[in-house]
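Novice: Okay, here's the prediction I keep looking at, along with the sequence it came from:
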Amino acid sequence: MSWTIVSILLLKPFERPLQRKDARLSYDGFLAYLLSPDGDIFNKKHHSVYQDMNQPLSNYFINSSHNTYLVQDQLVGASSIQGYLSSLRDGCRCVEIDCWDGPQNEPIVYHGKTLTSRITFRNVIRAINQEAFVISKFPVVLSLENHCSFEQQKTMARHLKNILGKRLLTTTLDGDVPHQLPSPSDLRERFLIKGKRVGSIKDDIRKYKSSMKGGTRVEKEEKQSQGASHKLQTVPEELSNLVVYMKSIHFNDLASAQAEQKCYMMSSLNESKAKKVSTAGGANFVSYTRSNIVRIYPLQTRIDSSNYNPVDLWNYGCQMVALNFQTAGIPMDLNRGFFRNNGRCGYVLKPSFMTDGHCKFSPDQPTFSGRKGVELGIKIISAQNIQFSRGDIVVRAEVHGVPDDNYTSETIPMENKCYNPTWNEVLYFTIRVPELAILRLAVEGRAFIIGRTLLGQVTLPFTSVKSGFRHAHLLDKDGSPILGSTLFLYIWYHSRMDLEQ
């Protein structure tokens, strides 16, 4: 096939019918191409699920929310069903539900011992069931912060089973004790409960198999032993049995966790403890997260529902790095940009060096066999439709990654003539671990009195960045597109690594 025919086929979608006279591309057609997904900075192949989804859950970063019911701060803010709906629409796959005793034996959800408003547990589960698999078909984890009495926990279990039905996982997929976690594909359109569990999965499976064979003697022995310890039991069997692959276990120290925890046990650590463990543990903490899921959450002292930098803990393989989705800022930009990858399905496969047991990777010492860094150049050419007339405009480029890959560089301030400033300025970066790097480009207005104002940003994993002349379509602080606002760039990088371009 000749180049002329190929050109016509490739360029045809970008031309108006009257302009398709030959293989040449008109000015309007060229502009249409540059502004299309083919000319976008984000690799359009990554808009779909393209990663292997058949590996154990522990091999994936999982988009996770903290205090999902809140739409404002955690002291006096409102609790709302909308928090769950918007988070799930944002690609979240792990939502948090704080459960407390409510009137008429109906559990309620709110931030305990505060002035936040209340919503019913039943309505929360109904909303989650309605929205859970609209954006993504991969599993949703319900992280229960359970503060309810024995009887109201039974009500919780009843609502979970009645509302979620067959999509609620109530036993292991193969009926045996798991030696590794199932994959996202294995658990498509299934709900998993994370919470406290009484007894072992092994005992419950033995009891289940015995009951299927009519083992009445075993059942009587089980009931007798349960009756003797019933007063000491804090979680009723009805709710306990719904916890299958995500049994909550207290984290004492890394050595004990590595020695004692099974793959279906997981711990939750606040950001402060997680950073201490990760810094001290290094490669050992990365090794621990190969088989065990770890959930990280913000400190309670963040009464304004602010967030920490999630990249610091993704670097150690922590799967569920939970953020306050209602709070705009750089941490949420990073979270949305990171999980924009792989079709926004909420699951991003870890790099192979984080899942390979033979590789001793630590983000503090990222050099290991076969590593080659990347030299990145970004020419900031111009911006379009930037609505700011009170001062100058700058473009700030940030790289977030392992400690050696954290950079910030910006253009010189430029007067915003006709809302289309031009720089033609080049920014350079060296990235040692590109698989964990995230690029954020922010357009800011700079005025003498009001300081800096965010006018738009785009955030994406470095492995999704396309080289060449590209447009970056800008988003506002909440992650919504700003109509017509773009950055025009030329991007190149030199690497011996295959980044699946």
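Specialist: Good, I have the coordinates.

Novice: make it CA atoms for all contacts and neighbour counts henceforth
Specialist: Noted.

Novice: Any figure for the gap between residue 79 and residue 63?
Specialist: With distances taken as C-alpha to C-alpha, to the nearest Å, residue 79 is found 21 Å from residue 63.

Novice: Who has more neighbours out of these two?
Specialist: Set residue 79 next to residue 63 and count neighbours by other C-alpha atoms under 10 Å: residue 63 wins out with 28 against 23.

Novice: Need phi/psi at that one.
Specialist: Torsion angles at residue 63 (phi, psi; degrees, to the nearest 10) stand at phi -60, psi 120.

Novice: what's the spacing between it and residue 252?
Specialist: Per C-alpha to C-alpha, residue 63 is found 25 Å from residue 252.

Novice: Same check on residue 403?
Specialist: The value you get for residue 403 to residue 252, if C-alpha to C-alpha is used, is 26 Å.

Novice: who has more neighbours, the two?
Specialist: Taking other C-alpha under 10 Å, residue 403 and residue 252 do not tie; residue 403 has more neighbours (16 against 9).

Novice: Isn't the more buried one up against residue 316?
Specialist: No - counting by C-alpha atoms under 8 Å, residue 403 stays clear of residue 316, with 11.6 Å between them.

Novice: hey, what's in contact with both of these two?
Specialist: Both residue 403 and residue 316 are contacted by residue 363, under the criterion C-alpha atoms under 8 Å, 6 or more residues apart in numbering.

Novice: what about stretch 201-219, average pLDDT?
Specialist: The average pLDDT for stretch 201-219 rounds to 67.

Novice: residue nearest the centroid of this protein?
Specialist: residue 63 (2.2 Å; C-alpha atoms, centre = their mean).

Novice: Would you map the helices across this protein?
Specialist: Along the chain, counting by DSSP state H, helices occupy 3-11, 27-34, 81-89, 121-131, 150-164, 201-212, 216-229, 237-240, 254-260, 271-281, 283-291, 311-314, 330-338, 352-355.

Novice: Report the buried residues of stretch 458-470.
Specialist: Going by neighbour count (16 or more other C-alpha atoms under 10 Å), the buried part of stretch 458-470 is 458-470.

Novice: whoops, stretch 135-155 was the one
Specialist: Using 16+ other C-alpha under 10 Å as the test for burial, stretch 135-155 gives 135-146, 148-149, 152-155.

Novice: Over to stretch 168-185?
Specialist: Residues of stretch 168-185 classed as buried: 168-172, 177-178, 180-185 (neighbour count, 16+ other C-alpha under 10 Å).

Novice: from those, which is closest to residue 444?
Specialist: Top of the list for closeness to residue 444, among these and by C-alpha to C-alpha, is residue 184 at 39.1 Å.

Novice: Could you identify the longest strand within the protein?
Specialist: Determined from DSSP state E, the single longest strand within the chain is strand 481-494.

Novice: could you dump it to CSV, C-alpha only?
Specialist: These are the backbone C-alpha positions of strand 481-494, laid out as CSV (Å, rounded to 0.1, in the frame of the first residue of the first chain):
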residue,chain,number,x,y,z
PRO,A,481,-12.5,19.2,32.2
ILE,A,482,-12.1,23.0,31.5
LEU,A,483,-13.7,23.4,28.0
GLY,A,484,-11.2,24.5,25.4
SER,A,485,-8.3,25.0,27.8
THR,A,486,-5.1,23.1,26.7
LEU,A,487,-1.3,23.1,26.9
PHE,A,488,0.5,22.6,23.6
LEU,A,489,3.8,20.7,24.2
TYR,A,490,6.6,18.9,22.5
ILE,A,491,7.8,15.9,24.6
TRP,A,492,10.7,13.5,24.1
TYR,A,493,12.6,11.1,26.3
HIS,A,494,15.6,8.8,25.9
